[in-house]
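Chemist: fold the following, please.
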Amino acid sequence: MNKESQLASAALDALHGARGLPAEKAASILRDFLDSIRSSNSNNSRMTEATLSLETLIQKLEAEGSAPDDDWQSSIESMLSLAYEVS
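Modeler: Residues are numbered from 1 along each chain as shown. As a prediction, the model looks like this:
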């Protein structure tokens, strides 16, 4: 399993785990994870798309105290797409 695939799998785990948490805690966990993804210096376009989707989710959680199911689903689907592409 390559580095991008590992990151995508870990992101999926983080997203599923964070979804049941209070918004502040979920945003904190996902922000830490997003920072680690960004530090991986991946040039993959799917990785860029996935991180943008995750950033949108985090921003909603931080600004509004919740995020709609569509934002969660978009982040999950982006990470799944990345995981399938790089595996």
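Chemist: next up, phi/psi of Glu49, please.
Modeler: Backbone torsions of Glu49, given as degrees, to the nearest 10, read phi -60, psi -40.
Chemist: for it, give me its contacts.
Modeler: Applying C-beta atoms under 8 Å, 6 or more residues apart in numbering, we find Glu49 in contact with Ser78, Ser81, Leu82. In this view, the C-beta of every residue, glycine as well, is placed from N, C-alpha and C.
Chemist: 7 Å instead, please
Modeler: The neighbourhood of Glu49, defined by C-beta atoms under 7 Å, 6 or more residues apart in numbering, consists of Ser78.
Chemist: which other residues reach the helix or strand of the chain with the lowest mean pLDDT?
Modeler: With mean pLDDT, DSSP states H and E as the measure, the helix or strand of the chain carrying the lowest mean pLDDT is helix 3-18 (a mean of 84). Helix 3-18 is contacted by residues 26, 29-30, 33, 37, 40, 42, 44, 47, 75-76, 79-80, 82-83, 86-87 when judged by C-beta under 7 Å, 6+ apart.
Chemist: mind checking which helix or strand the spatially most central residue of the chain is in?
Modeler: In the chain, the centroid-proximal residue (C-alpha atoms, centre = their mean) is Leu54; its distance is 4.0 Å. Taking DSSP states H and E as the definition, one finds Leu54 inside helix 45-64.
Chemist: one step back: my guess is the residue nearest to the centre of the chain contacts Leu30, does it?
Modeler: Yes - applying C-beta atoms under 7 Å as the test, Leu54 and Leu30 come out as touching, 6.4 Å apart.
Chemist: and for Glu77, the neighbour number?
Modeler: Counted with other C-beta atoms under 10 Å, residues neighbouring Glu77 total 12.
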